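Asks: I need the structure of the sequence given here:
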Amino acid sequence: MVLIENRWLQIFTVVAILGLGCQSLPTDPENGVKPDSAIVSGPMDSENGVTPNSEAVSQPTDNGSLELFDFHAHQMPSTYPENWLEDLFSANDLKGIALLGIGDVFTHQRNHPSVVYAFSNFKDVNNIDLAEVESQLEKGSRGIGEVSIRHFASGPPPAVAVENDFNEPDLLKLYDLAKQYNVPVNFHFDYHEDHVDEIVATLPAYPDVKFVWAHAGDAQPEQLAPLLGQFDNLYIDISSRNPLESFQGRLLSTDLQRLDDQDGIIKTEWKNLFSDHADRVLYGSDIGPKGRLEQYEQIEEYYRGILMQVDAHIAENIAYSNAEKLFGFSSQ
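Replies: Sure, this is the predicted structure:
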């Protein structure tokens, strides 16, 4: 009898231990299966039940809602309608626009001081009226440019290419004015390996001047990356770097000019450059030449499509935040 009682006691003990063990392991309420602890430790993709890569959690930018600050725009007084700027702001979600010379850009700034940024400009690098530039800066010009230093022949003959050195004496005096008035310089300088050393030799002497390389120099990421890595005061705007019809006829083929492949996917090299130098890349439209004002919505659509493929904070920097910071304020 004692033997039987002891055996029943052993059986009850084993059952109790197993029962406690089962209670300590949570089960899947639908399948009765213990979930893998390595899987439930991270957030789940609601559609596919897959844990997202921790490096890719940042949500893509909404293509339709990303605000833009146009850091590179021109007006053509002889062809643009009288109220073109007001119509542009009415039809597009713009946080601001930098008008780079050509025509009376200062009237636009006076009429719309919170969103229009007028730049001092001149026609010929070989004949800079430095006194006039300084007068414009004293009146409130918010930048200098677009300074055409090396520029392909834009237009039919008799148009010729502009060929100047980045560090010519009058240009150095211009950079001195930019330093004195604390304004950025937007410059056009067609990239060429024989001339890029002019930039390398000059920028260290002006660490407080922000130089914005128009159209990213029509260069490629592998050419730009070393320079951006070397100089904190060098920026690029990505105006004209698109495949739209009104931007054809530049130095580069369309494939090299655009930021994406023909399928619309941003090129890896550009995506990496934007990531590595997210605080020194600026959006711009480069309206001015024929047909571009009419294509403004397409220009915005193209660049929003590019920027929605990078992390949200990078997209916001390029779209508007970097421009705001260059002008000494932030909407954040």
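
Asks: Contacts for the strand ranked longest in the chain, please.
Replies: Across the chain, the longest stretch assigned as strand under DSSP state E is strand 143-151. Here strand 143-151 makes contact (Cβ atoms under 8 Å, 6 or more residues apart in numbering) with 72, 74, 98, 100-101, 117-121, 125, 133, 137, 161-166, 171, 174, 177-178, 183-190, 192, 195, 212, 214. C-beta here means a position set from N, CA and C on the backbone, and glycine is covered the same way.

Asks: at 7 Å what do you get?
Replies: With contact meaning Cβ atoms under 7 Å, 6 or more residues apart in numbering, strand 143-151 is reached by 98, 100-101, 117, 119-121, 125, 133, 161-164, 166, 174, 178, 183-190, 195, 214.

Asks: cool, and stretch 270-288?
Replies: 68-76, 102, 212, 221, 224-225, 228, 234-240, 259, 292-293, 296, 299, 303, 309-310, 314, 317-319, 322-323.

Asks: What residues of it count as buried?
Replies: 270-271, 273-274, 277-278, 280-288 (16 or more other Cβ atoms under 10 Å).

Asks: Tell me which two in those are the farthest apart.
Replies: K271 and G288 (28.1 Å; Cβ to Cβ).

Asks: Run a quick neighbour tally on P226.
Replies: 11 (other Cβ atoms under 10 Å).

Asks: Return the subset of the contacts of stretch 270-288 lying in helices.
Replies: Assigned to helices by DSSP state H, the following of the contacts of stretch 270-288 qualify: P221, L224, A225, L228, Y296, I299, Y303, I314, N322, A323.

Asks: What count of nearby residues applies to N127?
Replies: Neighbours of N127 (other Cβ under 10 Å): 8.

Asks: Return the backbone torsion pair for it.
Replies: Phi and psi for N127, reported as degrees, to the nearest 10, are phi -150, psi 60.

Asks: Show me the strands in the stretch 51-200 of the chain, by range?
Replies: 68-73, 94-100, 116-120, 143-151, 162-163, 185-189 (DSSP state E, counting those that start in this stretch).

Asks: Output those strands in a markdown table, with mean neighbour count, mean pLDDT and distance to D208 appended to each entry.
Replies: Conversion of the strands of the stretch 51-200 of the chain to a markdown table gives the following (neighbours: other Cβ atoms under 10 Å; pLDDT from 0 to 100; distance: least, Cβ to Cβ, whole Å):
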| stretch | mean neighbour count | mean pLDDT | distance to D208 |
| --- | --- | --- | --- |
| strand 68-73 | 27 | 98 | 19 |
| strand 94-100 | 24 | 97 | 20 |
| strand 116-120 | 25 | 97 | 18 |
| strand 143-151 | 24 | 96 | 14 |
| strand 162-163 | 14 | 92 | 27 |
| strand 185-189 | 24 | 98 | 12 |
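
Asks: and of the ones you listed, who's closest to T107?
Replies: Per Cβ to Cβ, nearest to T107 of the strands of the stretch 51-200 of the chain: strand 116-120, 8.6 Å.

Asks: then that closest one to PDB, C-alphas only?
Replies: The C-alpha trace of strand 116-120 is given here as PDB (Å, rounded to 0.1, in the frame of the first residue of the first chain):
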ATOM      1  CA  VAL A 116      11.900  85.700 -52.200                       C
ATOM      2  CA  TYR A 117      15.700  85.900 -52.000                       C
ATOM      3  CA  ALA A 118      17.400  88.300 -54.500                       C
ATOM      4  CA  PHE A 119      21.000  87.700 -55.600                       C
ATOM      5  CA  SER A 120      23.400  90.300 -56.900                       C
END
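
Asks: Number of residues surrounding P169?
Replies: P169 has 8 nearby residues by other Cβ under 10 Å.

Asks: Cheers, nothing more for now.
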